[in-house]
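1. Fold the stuff below for me.
(one chain, ligands or ions: 1)
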Amino acid sequence: MVVVDVLRATSAICAAFMNGVDKIIPVGTVEEARAYKQKGFLVAAERDGLVLDFADFGNSPYNFTPERVKGKTIVYSTTNGTQAIQMASSCYKVAIGAFTNLSAVCNWLIHQNRDVIVLCAGWKNRFSLEDTILAGAIVQKLIAHAGFRTECDSALAALDLWSLAEADILTYIDKAAQRSRLRKNGLDDVIEFCHTLDLTNIVPLYSEGTLVAISEPVSVC
Ligand code: MLT
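-> The predicted structure follows:
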């Protein structure tokens, strides 16, 4: 299973590990995040894009600077991304995917040699373009480089959308609803970062309530 939430949760998780965070504890509810804060944890949390009043910072990948996160454990709660991680938590293995670790996460999937599900976090149980084109990019790499096949219409639709977006991702994504939401809230400085391919070979993995990072060679894809 790969969970994707391009704008911005899984891109932010990858950024945090790129900047040396030790562990991330994803939590579903605001109450859980608040309780961790009261116990003294560093908490990153937002709802509808906006930082929660008790949180140390929000969900921009740029919030997870080395000064803030290196060597630390962070508790993390977001509108959709951490809910999707919770939803996936009983699966065999759960990885975090973003454009920034696309080849690495595909290589990790190839090495698992198992069936793959890409869980798009979307927005409040609705479809999202940015997550779907990333799902399409994953499908394309798995089919092209590793002999995977799919008979799943949603995977094929994602692949079709990715073929429309691939040549100019930023122009394509300009119509996405979450892109407009972030623009409206003045939080859209991360659009280019979140759609940049292969900035890292780190793959965050979920295990027993915590995200930790492994590094995956990226040469296969
Ligand atoms: C989420 O998890 O809902 C999103 O990543 C929200 C956001 O960053 O605006």
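2. got the buried residues for stretch 55-72?
-> A55, D56, F57, G58, N59, S60, P61, N63, F64, R68, V69 (16 or more other C-beta atoms under 10 Å). Any C-beta I mention is one placed from the backbone N, CA and C, and that applies to glycine too.
3. Also stretch 2-17?
-> Residues of stretch 2-17 classed as buried: 2-17 (neighbour count, 16+ other C-beta under 10 Å).
4. Just the endpoints, please. Distance across it?
-> 17 Å (C-alpha to C-alpha, to the nearest Å).
5. mind listing the helices for the chain?
-> 9-18, 30-38, 66-69, 81-88, 102-112, 129-146, 153-165, 169-173, 177-184, 191-194 (DSSP state H).
6. Out of the ones you listed, indicate the one that is most buried.
-> Comparing those by mean neighbour count (mean count of other C-beta atoms under 10 Å), helix 9-18 ranks first with a mean of 28.
7. Who are the packing partners of that helix?
-> strand 23-26, strand 73-77, helix 81-88, strand 94-97, helix 191-194, strand 202-207 (3 or more C-beta pairs under 8 Å, 6 or more residues apart in numbering; DSSP states H and E).
8. So which bits of the protein are right by the ligand?
-> Near the ligand, the residues belonging to the chain are D5, L7, R8, A9, E46, G49, N59, T78, T79, N80, G81, A121 when assessed by C-beta under 6 Å from any ligand atom.
9. May I have the phi/psi pair for the third one?
-> With angles defined as degrees, to the nearest 10, R8 sits at phi -140, psi 0.
10. Just confirm it contacts D189, I think it does.
-> No - counting by C-beta atoms under 8 Å, R8 stays clear of D189, with 10.8 Å between them.
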